[in-house]
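> A predicted structure for the sequence below; I have some questions about it.
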Amino acid sequence: MSKVIVFSNQKGGVAKTTSAIMTAGNLISRDKKVLIVDADPQCNSSNFMVETFDEISDDHPTLFELIFDGELSIEDSIVKGTSFGDVIIGSRKLWDMDRADTDPLVLREIIDEVRDEYDYVIIDTPPHLGWLQLASLAAADYVVIPTDADNMSVQNIPYLYNTIENTKKLNDALQIAGILFTRVETRGSGLRVEKQIISDMQEYADEMNIKVFNTKIRAAKTPLGESSLTHQNIFMRGRKHKVKEDYEQFVTELLEVVG
């Protein structure tokens, strides 16, 4: 049975989607079978993975339709064969989920129907607490918490920790895989501040028995490299890219946690 990993943070702009996609791409390069579930109404994962997303999203079943139409075939709804793995595409209609009276366990039911076909299922989530965040956590085995090394980002992590603990009422198997620092500067005037923030977060993580990944994803103007234009998996190409190397090291660490 596959491992379900959710990338979650209640703050936006912390490279959550980038981390989910890069993790999937690296796992594919390791000959793993991967499914991404795009539970973010912004649909950034879907747009990135599926070049024709805007063309097909009106006719192809999305996560939104799968949630509300129990007659739909989940297998047939998956967009297969992208260079980053298969994907259940998102929908901007998902913005309405917070107003819907829907059981959050429905997402776990959707994933459970197909999870045996994959080594890893990765869920990308929206940057706020709501139904989609809760449903994603209820469906997952592990949580990766991406965060910038700035005060506004790390201050949200204790609140997310409380959300995760409360979600264990629905999913007692849920574990925090670790905190992943992203977009970290390697030089410049902000470096000293970032080091202090990372050190402070390490102290908090130690108190809460949460892992902080040794790998830090460095800042880059184009963290996805040429993939931003080609929609092709950066890990399946030989070109060197510093952020690519960071994510490769991160995935190695992640696999030591999740197996």
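It's in.
> tell me where the stretch 51-200 of the chain has strands.
Assigned by DSSP state E, counting those that start in this stretch, the stretch 51-200 of the chain shows strands spanning 79-82, 85-88, 120-124, 142-148, 175-182.
> ok, the fourth one: who's next to it in the sheet?
Using DSSP bridges, the strands paired with strand 142-148 in its sheet are strand 3-7 (parallel), strand 175-182 (parallel).
> dump the strands of the stretch 51-200 of the chain to JSON lines, plus mean pLDDT and distance to residue 30.
Bear in mind the C-beta positions are built from the backbone N, C-alpha and C, glycine included. JSON lines is the format used below for those (pLDDT from 0 to 100; distance: least, C-beta to C-beta, whole Å):
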{"stretch": "strand 79-82", "mean pLDDT": "94", "distance to residue 30": "16"}
{"stretch": "strand 85-88", "mean pLDDT": "97", "distance to residue 30": "12"}
{"stretch": "strand 120-124", "mean pLDDT": "98", "distance to residue 30": "10"}
{"stretch": "strand 142-148", "mean pLDDT": "96", "distance to residue 30": "17"}
{"stretch": "strand 175-182", "mean pLDDT": "97", "distance to residue 30": "17"}
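> just the strands paired with strand 142-148: most buried one?
Across those, the average number of neighbours (mean count of other C-beta atoms under 10 Å) peaks for strand 3-7, which reaches a mean of 25.
> what sits up against it?
16-17, 19-20, 23, 111, 115, 119-125, 136-137, 139-144, 146, 177, 254, 258-259 (C-beta atoms under 8 Å, 6 or more residues apart in numbering).
> which element follows it toward the C-terminus?
Sequence-wise, the next helix or strand downstream of strand 3-7 (DSSP states H and E) is helix 16-29.
> pull out the buried residues from the helix or strand just after that following helix.
Per DSSP H and E, the first helix or strand lying C-terminal to helix 16-29 is strand 34-38. Across strand 34-38, burial judged by 16 or more other C-beta atoms under 10 Å covers 34-38.
> distance check, the spatially closest residue to residue 202 that is not a sequence neighbour against residue 192.
In space, residue 202 comes closest to residue 212 once its chain neighbours are excluded; the distance is 5.3 Å by C-beta to C-beta, 6 or more residues apart in numbering. Remark: distance between residue 212 and residue 192 (C-beta to C-beta, to the nearest Å) = 19 Å.
> for the two, indicate the residue with more neighbours.
The neighbour count for residue 212 versus residue 192, taken as other C-beta atoms under 10 Å, is higher for residue 212 (19 against 9).
> wait, what's in contact with the more buried one?
With C-beta under 8 Å, 6+ apart, residue 212 has these contacts: 178-179, 181, 198, 201-202, 205.
> which of those residues sit farthest apart?
Within the contacts of residue 212, 178 and 198 form the most distant pair, 13.2 Å apart (C-beta to C-beta).
> now do the helices in the chain.
Along the chain, the segments classed as helices by DSSP state H run 16-29, 44-49, 53-56, 63-68, 74-77, 106-114, 131-139, 151-154, 157-167, 191-208, 227-230, 242-258.
> using TSV, please lay out the ones you listed together with mean pLDDT and distance to residue 97.
Formatted as TSV, those follow (pLDDT from 0 to 100; distance: least, C-beta to C-beta, whole Å):
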stretch	mean pLDDT	distance to residue 97
helix 16-29	96	18
helix 44-49	93	16
helix 53-56	88	20
helix 63-68	96	8
helix 74-77	93	17
helix 106-114	97	10
helix 131-139	96	4
helix 151-154	80	24
helix 157-167	93	16
helix 191-208	89	29
helix 227-230	60	28
helix 242-258	95	27
